[in-house]
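K.L.:
have a look; sequence and predicted model below, questions after that.
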Amino acid sequence: MRRAIKITAILCSVLLIICTFTVSTLAVDTEETLIDTDTVWKYLDNNTDPAADLNSLTATYMTEDNAFCDVVLCVGSDETQRQITWYSTLASSSTIYCAPIAEVTNGEFPDGTAHSSEVAVATNKSGYYSHKATLTNLEPDTDYVYCMSVGDNSSELYYFSTDPVGDYEFTFVGDPQLNSAEGSAAWADTLATIKSELGTSLLVSAGDQIVTPASEEHYGYLLLDELTGFTFAPTIGPAHDSPSVAFYEHFNLPNVSTEYGVDVSGANYWYTYNNTWFMHLNMADTAAATNNEHKAFMEQAIAANPGTAWKIVVLHNALFSAGYHSWEEYAHFETEIGVFRAALAPILTELEIDVVLSGHDHIYVRSRMMDGVTPSTDEVVGSFVSDPIGTLHICASSSTGTKFYDCYVTDANYIAYKNDEHRKSAIHFSVTDTEITMTSYFLDDMSVFDTFTVSKTAHIHTLERVEPHEPTCINGGNAEYWKCTSCNLFFADFDCTVETAPYEQVTAPLGHDLAPATCTEPKTCKREGCDYVRGRAGGHEYSDPTCTEPAVCEICSATDGEPRGHKYSGDCDSECNRAGCSQAREPGEHVDANGDKLCDVCSAEMKSGSIAVIAVSAALAVAVAVAVVIIIVIRKKKADI
């Protein structure tokens, strides 16, 4: 009996080798051209696909003179966008047409569905140019068709679907790590299985998509037509995707940082997808993990997306694994995972990251809920945890079976579950506002080998009223709104029906309302409570004083000094002789002291004298007579003596 079993096993092994050799031979182009030589098939995602069986796939070959190849549809900034890249031997400007399938008839796209691409750039792939475009305003739960046009050349039709609003699903795959036609066939099988069995649109990769970073042959093994039916979200693998510009040239990704996690292959990037915020960290920039670059980037991205229910980080190097990279006796542990774990794990918990998706070790590990580097005290009931404090770390195994690692870490306190069966696998996620459930499948028979759910209690907002403030001259104001102190969302109303942001409630400063400067005051703000002044007072502009009025300011009517008074030549003058004044008075008597019959003051002619003259003359005569009498009396007294 045992002998029969052994013989049967040997025969099965031989048969498997023959089949593998046959598939490999069929998949390799016999010409010397080595780009995109693997057999690929066109997947029509409109629920009529007959190709769950690989035998029904239609073979097609891409050649050097193909105007459209290496087509890949990537995530956009949010669920309403997709970003596309394709390669072409043509460098001229190109256009992409995209519309719901229901609106396209006989390959004719309706008006208004054209999107211009970016300027084509020469690539690492000799003789080819990278064309990139962004599709916007996509409707939820809709099947789309698109094609590209360069000059007079048009591509075949490609298809993808958007997810419904709210609850959605996605699939996470570990390192494809492709460098052969055999691996490419396994990748095609993985994609077909995920599409037919799981039906997800969003496909997230842990990185190390290929083996040799700059190999366009290896990218040909990855970028199959099967992949065009997915919305792809790749991660930079430090050893196999970097360093090379090929990753950046092939993948058109959203919100790519120009500051954080930057190397020649790309950088950190983020996007939102329904109720989830995703951020992919570039671990090829090893310094970014220890100099807080990744932390700064995550804080920036979280601030831009405060309303998401879940936060997921994707990074290539698993911080908690059972593979040899996490083995403390591994020669580079202290300079790689040991450093990354100590630097990043506490930050991930601090920023309340719910799940971390990773690969690198080609072995499956699900961690306990990790509070930094320490397993949290959250109570896990079976495969369920509610309202945990900490982060769930997932290390995915190989999604293609091209490489597996053995288990090196068996007793670490951070391991909740591990699987080192050398079988290719994928992880399906189902996401609602309150639960995220992961189900791990072996892709050869779709058997489930692990499942886990993280649950959050339906959130009840704890509201804090933000008082309204009227704007002032220099400070803006704000309308009344409310902030939830537990989830940091903002609402325009107390019932939390209108979500808002603080900047939407702010009113601009009024600016100063300046009154004109006066003679005594500079320009002054008229608004109550503002004492702002500008410049100097204007100063008075006085008119000349008059005989009866002092100097008067022609602007404000202020006075200065005293009136000048009337000016008369003498007592005999009857009118003021100041210019502009004709004030009259009773004149006095003329004076003619010298007897020339002319007034000594006004030169008026004095014909008959005047009372004054007569009086003076009489007075003089009396004075002379008195003097004579006095002299006579004095002389007489002297004579008597």
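P.N.:
Perfect, I can see it now. Residues are numbered from 1 along each chain as shown.
K.L.:
looking at this, Ala619 is in a helix?
P.N.:
Yes: counting by DSSP: H, G, I helix; E, B strand; the rest coil, Ala619 is part of a helix.
K.L.:
how about the contacts made by Leu510?
P.N.:
471-473, 527 (C-beta atoms under 8 Å, 6 or more residues apart in numbering). For glycine as for every other residue, the C-beta is placed from the backbone atoms N, C-alpha and C.
K.L.:
and it, how close does it get to Lys526?
P.N.:
11 Å (C-beta to C-beta, to the nearest Å).
K.L.:
who touches both of these two?
P.N.:
In contact with both Leu510 and Lys526: no residue, using C-beta under 8 Å, 6+ apart.
K.L.:
the strands in the stretch 201-350 of the chain, which residues?
P.N.:
Counting by DSSP state E, counting those that start in this stretch, the segments of the stretch 201-350 of the chain that form strands are 202-205, 231-233, 269-273, 276-280, 310-317.
K.L.:
for the second one, packing partners?
P.N.:
Counting by 3 or more C-beta pairs under 8 Å, 6 or more residues apart in numbering; DSSP states H and E, the packing neighbours recorded for strand 231-233 are strand 69-75, strand 202-205.
K.L.:
centre of the chain to that strand, how far?
P.N.:
22 Å (C-alpha atoms, centre = their mean, to the nearest Å).
K.L.:
go through stretch 387-398 and flag the buried ones.
P.N.:
Residues of stretch 387-398 classed as buried: 388, 390-398 (neighbour count, 16 or more other C-beta atoms under 10 Å).
K.L.:
mind listing which of those are in helices?
P.N.:
Residues of those located in helices (DSSP state H): none.
K.L.:
how about those residues in a markdown table, adding distance to Ser117?
P.N.:
Formatted as a markdown table, those follow (distance: C-beta to C-beta, whole Å):
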| residue | distance to Ser117 |
| --- | --- |
| Pro388 | 44 |
| Gly390 | 44 |
| Thr391 | 39 |
| Leu392 | 39 |
| His393 | 38 |
| Ile394 | 36 |
| Cys395 | 37 |
| Ala396 | 33 |
| Ser397 | 37 |
| Ser398 | 34 |
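K.L.:
out of the residues you listed, who's nearest Ala114?
P.N.:
Of all the buried residues of stretch 387-398, Ala114 sits closest to Ala396, with 38.5 Å by C-beta to C-beta.
K.L.:
quick check: the farthest pair among the contacts of Leu510?
P.N.:
Largest pairwise distance in these, by C-beta to C-beta, is 10.4 Å, between Pro471 and Arg527.
K.L.:
neighbours around Ser399, how many?
P.N.:
28 (other C-beta atoms under 10 Å).
K.L.:
show me the contact partners of stretch 452-463.
P.N.:
So stretch 452-463 is contacted by 309, 354-355, 366, 383-388, 392, 416-417, 433-438, 482-487, 489, 491, 494, 496 (C-beta under 8 Å, 6+ apart).
K.L.:
only the buried subset of these, as a ChimeraX command please.
P.N.:
To isolate the buried members of those in ChimeraX, using 16+ other C-beta under 10 Å:
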select :309,354,355,366,385,388,392,416,417,435,436,437,438,482,483,484,489,491
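K.L.:
which element, helix or strand, includes Phe429?
P.N.:
Per DSSP states H and E: Phe429 is located in strand 425-431.
K.L.:
quick one, that strand and strand 276-280 angle?
P.N.:
Going by axes from the mean of the first three to the mean of the last three C-alpha atoms, to 10 degrees, strand 425-431 is angled at 140 degrees with respect to strand 276-280.
K.L.:
strand 269-273 and strand 425-431, what's the angle between them?
P.N.:
Using the same axes, to 10 degrees: strand 425-431 against strand 269-273 is 60 degrees.
K.L.:
buried residues, strand 425-431. List them.
P.N.:
Neighbour counts over strand 425-431 (16+ other C-beta under 10 Å) mark 425-429, 431 as buried.
K.L.:
quick check: of these, which lies closest to Pro110?
P.N.:
Nearest to Pro110 among the buried residues of strand 425-431, with distances taken as C-beta to C-beta, is Val431, at 32.9 Å.
K.L.:
so what sits opposite that closest one in the bridge?
P.N.:
Tyr168, Ile436 (DSSP bridges).
K.L.:
where does pLDDT dip in the chain?
P.N.:
Across the chain, the ranges flagged by pLDDT under 70 are 1-66, 458-459, 571, 588, 600-601, 607-618, 641.
K.L.:
which parts of it are helices?
P.N.:
Per DSSP H, the chain carries helices over the ranges 2-27, 181-193, 216-222, 246-250, 287-290, 293-304, 337-350, 611-640.
K.L.:
picking that back up, from the buried residues of stretch 387-398, which single one is nearest Gly266?
P.N.:
Taking C-beta to C-beta as the measure, Gly266 lies nearest Ala396 of the buried residues of stretch 387-398, at 20.5 Å.
K.L.:
not counting its neighbours along the chain, what's nearest the closest one?
P.N.:
Leaving aside its sequence neighbours, Ala396 sits nearest to Gly174 (C-beta to C-beta, 6 or more residues apart in numbering; 3.2 Å).
K.L.:
hang on, the earlier thing: against which helices or strands is the strand holding Phe429 packed?
P.N.:
strand 168-173, strand 435-442.
K.L.:
what does that strand rub up against?
P.N.:
Counting by C-beta under 8 Å, 6+ apart, 167-174, 190, 193-194, 198, 200, 274-276, 310, 364, 394, 396-399, 436-443, 449 sit against strand 425-431.
K.L.:
just the buried members of those?
P.N.:
Buried among the contacts of strand 425-431 (16+ other C-beta under 10 Å): 168-174, 190, 193-194, 198, 200, 274-276, 310, 364, 394, 396-399, 436-443.
K.L.:
and the buried residues of stretch 387-398, which two are furthest apart?
P.N.:
Pro388 and Ser398 (28.4 Å).
K.L.:
hmm, back to that, only the buried subset of the contacts of Leu510, as a PyMOL command please.
P.N.:
Here is the PyMOL command that selects the buried residues among the contacts of Leu510 (16+ other C-beta under 10 Å):
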select buried, resi 472+473
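K.L.:
check the gap between the nearest residue to Arg536 once chain neighbours are set aside and Asp560 for me.
P.N.:
The spatially closest residue to Arg536, leaving aside those adjacent along the chain, is Pro522, at 5.3 Å (C-beta to C-beta, 6+ apart). Distance of Pro522 to Asp560, given as C-beta to C-beta: 21 Å.
K.L.:
out of the two, which sits in the busier spot?
P.N.:
Pro522 (15 against 12).
K.L.:
spit out the contact partners of Ile170.
P.N.:
For residue 170 the amino acid is Phe, not Ile. The contact partners of Phe170, taken as C-beta under 8 Å, 6+ apart, are 200-204, 273, 428-429, 431.
K.L.:
nearest to Ala515 among those?
P.N.:
When those are compared for distance to Ala515 (C-beta to C-beta), Tyr273 wins out at 56.5 Å.
K.L.:
count the residues that sit near the closest one.
P.N.:
Tyr273 has 23 neighbours, counted by other C-beta under 10 Å.
K.L.:
do the same with Ala579
P.N.:
As a burial measure, Ala579 scores 8 neighbours (other C-beta under 10 Å).
K.L.:
and it, how close does it get to Gly570?
P.N.:
Distance from Ala579 to Gly570, by C-beta to C-beta: 19 Å.
K.L.:
can I get stretch 452-464 in PDB, CA atoms only?
P.N.:
Extracted C-alpha coordinates of stretch 452-464, given in PDB (Å, rounded to 0.1, in the frame of the first residue of the first chain):
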ATOM      1  CA  PHE A 452     -10.500  38.500  12.200                       C
ATOM      2  CA  THR A 453     -12.800  41.400  12.800                       C
ATOM      3  CA  VAL A 454     -12.000  44.800  14.400                       C
ATOM      4  CA  SER A 455     -15.200  46.500  15.600                       C
ATOM      5  CA  LYS A 456     -15.800  50.100  16.600                       C
ATOM      6  CA  THR A 457     -18.900  51.000  18.600                       C
ATOM      7  CA  ALA A 458     -21.200  53.200  16.600                       C
ATOM      8  CA  HIS A 459     -19.900  56.600  17.400                       C
ATOM      9  CA  ILE A 460     -21.900  59.100  19.500                       C
ATOM     10  CA  HIS A 461     -20.500  62.600  19.000                       C
ATOM     11  CA  THR A 462     -19.400  64.500  22.100                       C
ATOM     12  CA  LEU A 463     -20.000  68.100  21.000                       C
ATOM     13  CA  GLU A 464     -18.200  71.200  22.000                       C
END
